[in-house]
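# Below is the structure, and that's it, no one-letter string:
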């Protein structure tokens, strides 16, 4: 896509001013890194607080008659019972039980359901929601809002100065409030494995809020490069890479997103396949791999058993800055998915030793109690 | 020292060329976390993939700036790939090549030409 056709987030000028290297991502010109570079940005987020612009992601309100109930038609989780003030991870499913997108859905207030979807998928997601849920429910795209993520162990101390109640919230709480002098939709969650917040703000206030947060010496801007290495270490799948329309939640090791009640009712798209996979096991499953020798195994690298037989493929991988070694995610048959299983990853024609390890690779630090 | 448009450098001493990537390339790559240097004894043709340098985010090929036989590889990069960032045009060298055609070196850009080239990027 020519650079001129790329969309810009409200923070584009702030990124350029901060020395960001801008790259095309999900149809937007986005910062892949700032002057510090991916490695330092990654480690800074783990030790202090990183600020991310994720305004390319889709934000929408689902409003109308019983939006929570209607939403259950397209996802396998419990949403009728979602309390106000809480957020839940889920997946949009096709009729074959494949994942169309993954998302966060929350009730920051009593105004229907607030959803955040992947930037590259948002147009398709909204079209699907409109097809499946209209006329009972309307999809209101919140195009006039930016989305910031403040992540890391010091995020709470930083944000407390602006939104005092944030310290009293726990992981996956979601609420509407006033902060920085504007209306804010906020959750205590993120995509790094760290404690932190995702903060939806009016586009017109985004740059001011961005600069206010960066004025705190504990906060540095973090690009998409480190966002990717952070989420990889956290064991979190990336849509379009680890998960796509052929992959079921069972295969993706996202079974937690399929609620017990919904399994029994089998009342979601692709339920037949998903219930069968839950009972009999899937043909492949997403695992974490630690590469014990050689170069990082990246997306597309083959996974082989010790006899050299190709048994799977890496869907994302790279160097893990917090661990100092390469790690990867990929799909293998369930028989080879147990922690400790010895496998090889094939990089540039050479086999490197790897081992199945538990995910997250780096322990998450979500705050579940205050 | 001579330079290629792919941002490799060559320093010729006798018929042995020490090769590496330029400071510009190292800066563009970001933090180097892994380097795959060529095997000693390997015969390279100018433009062949010679080595691979990996940042956190991506793997990039390094091309042989001259033809010849690899007579030494910088094994120290195995334990200290960050040397490529710290000293790209010194301790971060990748390999020493016994050149088969020294005129290939002469044909590469000198520093002034390379810097002029960089200014067009």
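Structure's in. What do you need? Note that the structure is predicted; figures quoted are calculated from it, not measured.
# Quick check: the gap between the residue lying farthest from the centre of chain A and residue B:39.
Using Cα atoms, centre = their mean, the residue of chain A lying farthest from its centre is residue A:307. It sits 35.2 Å away. Distance check for residue A:307 against residue B:39: by Cβ to Cβ, to the nearest Å, it reads 26 Å. For the C-beta atoms, the positions are set from N, CA and C on the backbone; glycine is no exception.
# so how far does stretch A:38-56 reach from one end to the other?
End-to-end distance for stretch A:38-56: 20 Å, by Cα to Cα, to the nearest Å.
# Checking that stretch against chain B, do any of its residues make contact.
Yes - applying Cβ under 8 Å from any Cβ of the partner chain, one finds stretch A:38-56 in contact with chain B at A:38, A:39, A:40, A:42.
# sec struct for the residue most central in space within chain A, please.
Centroid check for chain A by Cα atoms, centre = their mean gives residue A:191 as the closest residue, at 4.9 Å. Put simply, residue A:191 is coil when judged by DSSP: H, G, I helix; E, B strand; the rest coil.
# Equivalent analysis for residue B:84, please.
Classification of residue B:84 using three-state DSSP returns helix.
# again with residue A:256
helix.
# Could you check how many residues crowd around it?
By the criterion of other Cβ atoms under 10 Å in any protein chain shown, residue A:256 has 9 neighbours.
# quick one on the thing from earlier: any chance of the residues of stretch A:38-56 next to chain B in a markdown table, plus neighbour count?
Below are the residues of stretch A:38-56 next to chain B laid out as a markdown table (neighbours: other Cβ atoms under 10 Å in any protein chain shown):
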| residue | neighbour count |
| --- | --- |
| A:38 | 29 |
| A:39 | 23 |
| A:40 | 18 |
| A:42 | 30 |
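# OK, contacts around residue B:30?
By Cβ atoms under 8 Å, 6 or more residues apart in numbering or on different chains, residue B:30 lies in contact with A:33, A:37, A:38, A:39, A:225, B:55, B:56, B:57, B:85.
# element containing the closest residue to chain B within the stretch 251-370 of chain A?
Of all residues in the stretch 251-370 of chain A, the one sitting closest to chain B is residue A:319 (4.1 Å; Cβ to the nearest Cβ). Using DSSP states H and E, residue A:319 sits within strand A:310-320.
# Can you name every helix or strand that that strand contacts?
In terms of contacts (3 or more Cβ pairs under 8 Å, 6 or more residues apart in numbering or on different chains; DSSP states H and E), strand A:310-320 is packed against helix A:224-233, strand A:285-291, strand A:302-304, strand A:325-332, strand A:342-347.
# Just say which of the ones you listed is most tucked in.
Of all the helices and strands packed on strand A:310-320, helix A:224-233 carries the top mean neighbour count, a mean of 26, counting by mean count of other Cβ atoms under 10 Å in any protein chain shown.
# what about it, average pLDDT?
Mean per-residue pLDDT for helix A:224-233: 98.
# counting contacts, what elements does the helix or strand just after that helix pack onto?
Of the helices and strands lying after helix A:224-233 in sequence (DSSP H and E), the nearest is helix A:260-265. Contacting helix A:260-265 under the criterion 3+ Cβ pairs under 8 Å, 6+ apart are the following elements: helix A:271-280.
# What lies in contact with the helix it packs on?
A:76, A:93, A:96-97, A:248-251, A:255, A:258, A:262-263, A:266, A:268.
# tell me which residues of it are tucked away?
By 16 or more other Cβ atoms under 10 Å in any protein chain shown, the buried positions in helix A:271-280 come out as A:271, A:273, A:274, A:275, A:277.
# and it, how far from the chain's centre?
Distance of helix A:271-280 from its chain centroid, counting by Cα atoms, centre = their mean, to the nearest Å, is 25 Å.
# got the residues of chain B near chain A?
B:30, B:31, B:33, B:34, B:36, B:52, B:54, B:55, B:56, B:57, B:58, B:59.
# Tabulate the helices and strands packed on strand A:310-320 (a markdown table), appending distance to residue A:81.
Converted to a markdown table, the helices and strands packed on strand A:310-320 look like this (distance: least, Cβ to Cβ, whole Å):
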| stretch | distance to residue A:81 |
| --- | --- |
| helix A:224-233 | 28 |
| strand A:285-291 | 28 |
| strand A:302-304 | 39 |
| strand A:325-332 | 31 |
| strand A:342-347 | 40 |
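# now those as CSV including distance to chain B?
CSV is the format used below for these (distance: least, Cβ to the nearest Cβ, whole Å):
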stretch, distance to chain B
helix A:224-233, 5
strand A:285-291, 10
strand A:302-304, 15
strand A:325-332, 7
strand A:342-347, 8
